[in-house]
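Q: Here's a sequence, model it:
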Amino acid sequence: MTERLYRDDPYLLEFEARVVCRREHEGRPAVVLDRTAFYAESGGQPWDTGMIEDVPVVAVLESGEDVLHVLDAPFAADRVRGRVDGERRRDHREQHHGQHLLSRAFVEVARARTVSFHLGAEHATIDLDREVTEEQARTAEILANEVIWGARPVAVRTVSRAEAVALGVTPPAEGGDAVRLVEVAGFDRQPCGGTHPRSTAEVGVVIVLGRERYKGGSRVRFRGMSCSTGSPPCSPRPRKGCPRRPPGPSRAWPRRIAAAPSCSSAPSTARRDGCWLTRGCPFIHRPPTLSLPTSGEGNAVPRAAPPSSPRSTAGGPPPI
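A: Down below sits the predicted model:
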């Protein structure tokens, strides 16, 4: 059984481990380690990439209780050092948590529950069990961003199946007796095995890119964008391939999201330094109807609109 280090520390990028066995996967060499910080693809979140002993890791897969690391080439060492791609891990951590918040917002606004989730390179999608209107999508977007900018703490804990049920959570059928919960203070509680940040503020902003009818419900496309500490300076005009560039032509970039206190630069600084979102920056263009908390208000997040259903912990996205 592989010890999954990312469950206790989703920020861990380097680790040492012992090779338990060597295998082959679709013609490529693969290894099982006694412990790993690499996330194995599951429930809509893609696998981590990186290096083990300077050999690229091209896929990470669940194999029963083991984690299988598929390699670009074999290596001989039995004691190894692994290094996870930090930018990919950060992006997945923030996008996945943005999905949790947006899914909860759709429950609050439209009683629409998430039945599946997919995180892609350009955007992520959530599939809802009922159709939602444009107005409901925008209201859910605003509510999710209010929680993000409220910098609410995110906690992860493992409870028994009975405790999860008592908390109003439906445990996954295949999860056994131990249920891992991801909780956002005062807003959301879901069973989940993925990587998440310590604070909602790390997501930055969630932007709904579009929606469509799908299998009797709705498929919602969205993207989270953060100005993370340590990010390289952005050019006045975003370059193709830039991880901070939203998909689509510049005329489609969002202009409706309010200024966020979690932005790494004040609007005046962003304009002076030529941040890539200057023309359509969600941290600069503030709609007149939305009141946001200051950085010191903590969890006192104003509501964009009254919910159409009581706030509960049941019925979030499917467990992963």
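
Q: Going by C-alpha atoms from here, please, whenever you check contacts or count neighbours.
A: Noted.

Q: so what are the domain limits for the chain?
A: With domains defined by automatic domain parsing, the chain comprises 3-84, 89-226, 252-289.

Q: Put together TSV for the ones you listed, with mean pLDDT and mean neighbour count on each row.
A: Shown next, in TSV, are those (pLDDT from 0 to 100; neighbours: other Cα atoms under 10 Å):
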stretch	mean pLDDT	mean neighbour count
domain 3-84	93	18
domain 89-226	89	21
domain 252-289	37	18
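
Q: what's near enough to touch G98?
A: Contacts for G98 (Cα atoms under 8 Å, 6 or more residues apart in numbering) come out as A144, V203, V206, G224.

Q: Please apply the same query to G27.
A: So G27 contacts nothing (Cα under 8 Å, 6+ apart).

Q: thinking R223 is in contact with G120, fair?
A: No. The pair R223 / G120 is not scored as a contact, 9.6 Å apart, by Cα atoms under 8 Å.

Q: show me where the stretch 1-150 of the chain has strands.
A: Remark: strands assigned in the stretch 1-150 of the chain by DSSP state E, counting those that start in this stretch are 3-4, 14-25, 28-33, 35-36, 50-52, 55-63, 66-71, 79-84, 114-119, 124-128.

Q: can you tell which of those strands is closest to T195?
A: strand 3-4 (11.2 Å; Cα to Cα).

Q: how far out from the middle of the chain is the closest one?
A: 20 Å (Cα atoms, centre = their mean, to the nearest Å).

Q: could you say what helices and strands it packs with?
A: The helices and strands touching strand 3-4, judged by 3 or more Cα pairs under 8 Å, 6 or more residues apart in numbering; DSSP states H and E, are strand 35-36.

Q: From the contact counts, what lies against the strand it packs on?
A: So strand 35-36, by 3+ Cα pairs under 8 Å, 6+ apart, packs with strand 3-4, strand 14-25.

Q: 10 Å instead, please
A: strand 3-4, strand 14-25, strand 66-71, strand 79-84 (3 or more Cα pairs under 10 Å, 6 or more residues apart in numbering; DSSP states H and E).

Q: All set, thanks.
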